[in-house]
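**Q** Here is a sequence together with a model predicted from it:
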There are 2 protein chains.
Amino acid sequence: MSQISTKPASGMRDFLPREAALRKRVFALIEEVYQSYGFQPLETPTLENLSTLMGKYGEEGDQLIFKVMKRGKKFERALRNDAPTEVDLADMGLRYDLTVPLARIVAQYQNELPRYFKRFQIAPVWRADRPQRGRFREFYQCDVDVIGSTSMTVEAEVASAICEVLERLEFKNFRVHLNHRLLLNAMMEAAGVAPELHTEALVAIDKLDKVGLDGVKKELAERGIAADVIDRLLPLLGLADEVEGNEALLAALAERVGELESGKKALSELGDLLRFAAASPAGPYLKIDPYLARGLSYYTGPIFEIRSDDFSGSLGGGGRYDGLVGMFTRQSLPACGFSLGLERVLMLLAERDALAEPAPDVDVLVTLWRDDFTPRSMALAAELRRAGLRVDLYPDADKYSRQFKYANERGVPFVAILAEKELEAGVVAIKDMKRGDQAEVPRAELASWIKARQS
Amino acid sequence: MSQISTKPASGMRDFLPREAALRKRVFALIEEVYQSYGFQPLETPTLENLSTLMGKYGEEGDQLIFKVMKRGKKFERALRNDAPTEVDLADMGLRYDLTVPLARIVAQYQNELPRYFKRFQIAPVWRADRPQRGRFREFYQCDVDVIGSTSMTVEAEVASAICEVLERLEFKNFRVHLNHRLLLNAMMEAAGVAPELHTEALVAIDKLDKVGLDGVKKELAERGIAADVIDRLLPLLGLADEVEGNEALLAALAERVGELESGKKALSELGDLLRFAAASPAGPYLKIDPYLARGLSYYTGPIFEIRSDDFSGSLGGGGRYDGLVGMFTRQSLPACGFSLGLERVLMLLAERDALAEPAPDVDVLVTLWRDDFTPRSMALAAELRRAGLRVDLYPDADKYSRQFKYANERGVPFVAILAEKELEAGVVAIKDMKRGDQAEVPRAELASWIKARQS
């Protein structure tokens, strides 16, 4: 037949069972933690109207939206346009993130949702980025958001849930870097950055991780910030290197920007946040970092980002965005959320997992001796499943050597044999594939025998 | 701001928490059962190269594939074509089913997969059908398939797994209708249907459910089957109404078509299947039905379909398709699979569920008395979560009446109050929202007190 490529499309991935199972395990654990914090699941469609998506992610974002072509007559009509553009010929797009769909949902179903809407969503998003190592065109996002409250309790709960997820996944040495958009504003104001240059300055500050302090300095200058302003700004941003501990740092910042309205509000909210979260799982991980800027322009309050000494970059980030939901509804609604860098987390877990022996996904393989024994082997498999075991049944009456080979391929730890001899004796022969030994076990005791050996 | 519609796109659905939670529960239960049969998870991408999808689903299917537009220069180049078609302007398509991607995977990763590859996949597919009641453009499929064996053990195991899923979902009165493509061939041969009219006849037979016996008769005639042939064919197909029980039916069929090669093979395989599955969960549900035809042309052996007296239509179907994988690889591989009608199942469960009180998704709401008590309430929430409870924390120090109202909105069964009085006494006041009573419980005993009341 024709030679159709059987590789996944560019930027797409196939997950064979071992990897797919790891992903499912991680998703389930995250969901469990989020649900223990009262977050509720939400599912939004893969395809959104193009009008929902366009204009929400900036010009570059618009280009990265995968667009779905109109069909039939609508397509033909659009094609007859003078110079049809991508947007003329398409009517829907693939979900680009989970935040804009959330905003649409909140606007559409306001009256059906509780006063505070706490939702989590773990779902793929699509971006037409140029594929490269570690960057894919289909990848999962994992978001928690709380809509409806301006209280710092929300920030504290969100941070706490994230830290518990990372603890449960056995991440160590991570920190939740914490800053406040108004604190950044206050520091810029105190240093004398002109208001119209705030955004430019933030872009430069945001690059500290990539370009270092000298790089930031250079970038600030390139973006039109005067040298004396930079010389006043950098010591403020760098206070965390001078002062030990969050409380002392907040006090030092209060001395410098506490009189400014934005500074006062930011420091009060950060203080609340630290106080609220102190006894929660997030307590030990929070670290005020005046340098943290976060790229997205829609943040209005506290912002946070997870970092670790064990790798560069972040494990996710979030913050308060009290204006975004208003894009779809006249009534503005306060909101705070966090997006876990799920593919990053999965990659790190897969590396760790690769060192460990994979957990078997089947407990026992029931072999087939002869065709006429198939009903007996099927009955044995059914018995063991009823006892709570995961059971694979070899489908063909094959040489035992092949059946054992298959058990090895699949990593099945026990193999059950039921031939004439065993049937007559009322036993099942069971081979422990790891130890290599074989035992005869009374049939009624087989399930508990296997369970005892497993533990 | 502009009035962007906040409805989901045409044919798409939003699932708010209650419905999303039901879907998750059902998916988890199905996965658990399939894993207990040794099926492994597989994840394939949403977007496939158009060349992978086109030509696999017939002409109508090709049109129903959602196509993703080329981007940037590739798009512009394609647009400069004389009369660009949908296929010229697109490079990828949204997954149309889970079977073609499986075939691609098997071809691509043959050497990494075990000798028998048993996979399940629960995932959405997309079809540009005209949306109508109960028919959506994004819907989940739930497939199990076994690649690599011609043994009827596979059919028996697949049928058994499906029946166990339906039993666990508390479906009753369902049946697994069972037929064999070669048995249909044999009956047509015996009745004198010309080989070139077999497909036509099958299409007519497949409509029994919709048009009744007289309708099938008419349809057969319209499709060029002679009246005397029809008069010989219908009694064969109708044998199940004359003969009670699968064994008697197989015997009656053997008398009529057992001498034909195809009949002999079909009856032997169906006999094996019944024998193998007798002691499995599928045993009581299997019902030979000579009328069952199944639309898809790729089936080569046994076919089955789940039906029930409680509603019309089917809950899913499947069968053996030994040729399909060969579309992507030179080496043909035997295969058998089943696709559960997941959206149908979910709809029926939601109807049943709507009658029942929804299960709470949070165990207890911790209230906030005063702002300065927030750290104490957060600590209480953390304690209860550590004890395994799902805990929501009210974010604002609000009137208690509002906090109780929110608890009602979310269906939280218990509300915990920790104000000055309780703090001093070392207790927590806990209100049982269903019974309406309130108790003071020593803080250390709170979690077990709640758990005891839950059960």
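**A** Looks like it came in fine. Quantities reported herein were computed from a predicted structural model and do not represent experimental measurements.

**Q** tell me which element the residue in the stretch 351-455 of chain A positioned nearest to chain B falls in.
**A** Residue nearest to chain B within the stretch 351-455 of chain A: A:D392 (3.1 Å; C-beta to the nearest C-beta). For the C-beta atoms, the positions are set from N, CA and C on the backbone; glycine is no exception. Element membership for A:D392, per DSSP states H and E: strand A:391-393.

**Q** What is that strand packed up against?
**A** strand A:364-366, helix A:374-386 (3 or more C-beta pairs under 8 Å, 6 or more residues apart in numbering or on different chains; DSSP states H and E).

**Q** can you do 10 Å?
**A** Here strand A:391-393 touches strand A:364-366, helix A:374-386, helix A:400-410, strand A:414-417, helix B:152-168, going by 3 or more C-beta pairs under 10 Å, 6 or more residues apart in numbering or on different chains; DSSP states H and E.

**Q** Please identify the pairing partners of that strand and their relative orientation?
**A** strand A:364-366 (parallel) (DSSP bridges).

**Q** Now stretch A:203-212: average pLDDT?
**A** Averaged across stretch A:203-212, the pLDDT comes to 87.

**Q** just stretch A:383-391 next, same as before
**A** Here the average pLDDT along stretch A:383-391 is 97.

**Q** so how far does that stretch reach from one end to the other?
**A** Its start and end residues considered, stretch A:383-391 measures 10 Å (C-alpha to C-alpha, to the nearest Å).

**Q** just stretch A:217-229 next, same as before
**A** Its first and final residues considered, stretch A:217-229 spans 11 Å by C-alpha to C-alpha.

**Q** pLDDT of it, averaged?
**A** Mean pLDDT, computed over stretch A:217-229, is 95.

**Q** Might you report the residue contacts of A:L348?
**A** Under the criterion of C-beta atoms under 10 Å, 6 or more residues apart in numbering or on different chains, the neighbours of A:L348 are A:L169, A:F171, A:S308, A:D310, A:F311, A:L315, A:G341.

**Q** For burial, what's the neighbour tally of the first one?
**A** Put plainly, it is A:L169. 19 (other C-beta atoms under 10 Å in any protein chain shown).

**Q** is it true that it touches A:A350?
**A** No - applying C-beta atoms under 10 Å, one finds A:L169 not in contact with A:A350, separated by 12.0 Å.

**Q** any common contacting residues for the two?
**A** A:V26.

**Q** Disregarding residues adjacent in the polypeptide, which is nearest to the closest residue to chain B within the stretch 201-350 of chain A?
**A** Nearest residue of the stretch 201-350 of chain A to chain B: A:A279, at 3.7 Å (C-beta to the nearest C-beta). Leaving aside its chain neighbours, A:A279 sits nearest to B:A379 (3.7 Å; criterion: C-beta to C-beta, 6 or more residues apart in numbering or on different chains).

**Q** quick one: the one you found from A:R435, how far?
**A** Shown here: B:A379 relative to A:R435, a distance of 48 Å by C-beta to C-beta, to the nearest Å.

**Q** quick one: which of those two has more around it?
**A** Comparing B:A379 with A:R435 by other C-beta under 10 Å, the one with more neighbours is B:A379, at 17 against 10.

**Q** Now do the helices in the stretch 251-400 of chain A.
**A** Taking DSSP state H, counting those that start in this stretch to define them, one finds helices in the stretch 251-400 of chain A at A:261-277, A:342-355, A:374-386, A:400-410.

**Q** pLDDT of the shortest one, averaged?
**A** For helix A:400-410, the per-residue pLDDT values average out at 95.

**Q** Helix A:152-168 and the top helix by length along chain A, what's the angle between them?
**A** Longest helix in chain A, counting residues (DSSP state H): helix A:17-36. Calculated by axes from the mean of the first three to the mean of the last three C-alpha atoms, to 10 degrees, helix A:17-36 forms an angle of 150 degrees with helix A:152-168.

**Q** Next one: helix A:17-36, is it in contact with chain B?
**A** Yes - contact between helix A:17-36 and chain B, assessed by C-beta under 10 Å from any C-beta of the partner chain, occurs at A:17-24, A:28, A:31-36.

**Q** now that helix against helix A:342-355, angle please.
**A** 120 degrees.

**Q** Report the buried residues of helix A:17-36.
**A** For helix A:17-36, burial by neighbour count (16 or more other C-beta atoms under 10 Å in any protein chain shown) applies to A:17-24, A:26-27, A:30-31, A:33-36.

**Q** ok, back up a step: just how off-centre is the strand holding A:D392 within its chain?
**A** Chain-centre distance of strand A:391-393: 33 Å, with C-alpha atoms, centre = their mean, to the nearest Å.

**Q** How about the secondary structure of the nearest residue to A:L47 once chain neighbours are set aside?
**A** Spatial nearest neighbour of A:L47, excluding adjacent residues (C-beta to C-beta, 6+ apart): A:M92 at 4.4 Å. Counting by DSSP: H, G, I helix; E, B strand; the rest coil, the backbone at A:M92 sits in strand.

**Q** How about the contacts made by A:M92?
**A** Going by C-beta under 10 Å, 6+ apart, A:M92 touches A:45-53, A:65-70, B:9-12, B:66, B:68, B:137.

**Q** For chain A, which residues score under the pLDDT cut-off?
**A** Along chain A, segments meeting pLDDT under 70 span A:1-3, A:296, A:355.

**Q** can you list the domains in it?
**A** A:17-354, A:364-454 (automatic domain parsing).

**Q** Make TSV out of those domains and add distance to B:M152.
**A** Shown next, in TSV, are these (distance: least, C-beta to C-beta, whole Å):
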stretch	distance to B:M152
domain A:17-354	25
domain A:364-454	8
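
**Q** My guess is A:P45 contacts B:Y140. True?
**A** No - A:P45 is beyond contact range of B:Y140, at 11.8 Å (criterion: C-beta under 10 Å).

**Q** Give me the common contacts of these two.
**A** With C-beta under 10 Å, 6+ apart as the test, A:P45 and B:Y140 both reach B:P124.

**Q** For the residue nearest the centre of chain A, which residues are in contact?
**A** Nearest residue to the geometric centre of chain A (C-alpha atoms, centre = their mean): A:L342, 2.8 Å. Applying C-beta under 10 Å, 6+ apart to A:L342 gives the contacts A:23, A:26-27, A:30, A:122-124, A:139-143, A:315-316.

**Q** The helices of the stretch 251-400 of chain A into TSV, with extra columns for distance to B:L365?
**A** Formatted as TSV, the helices of the stretch 251-400 of chain A follow (distance: least, C-beta to C-beta, whole Å):
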stretch	distance to B:L365
helix A:261-277	17
helix A:342-355	29
helix A:374-386	39
helix A:400-410	46
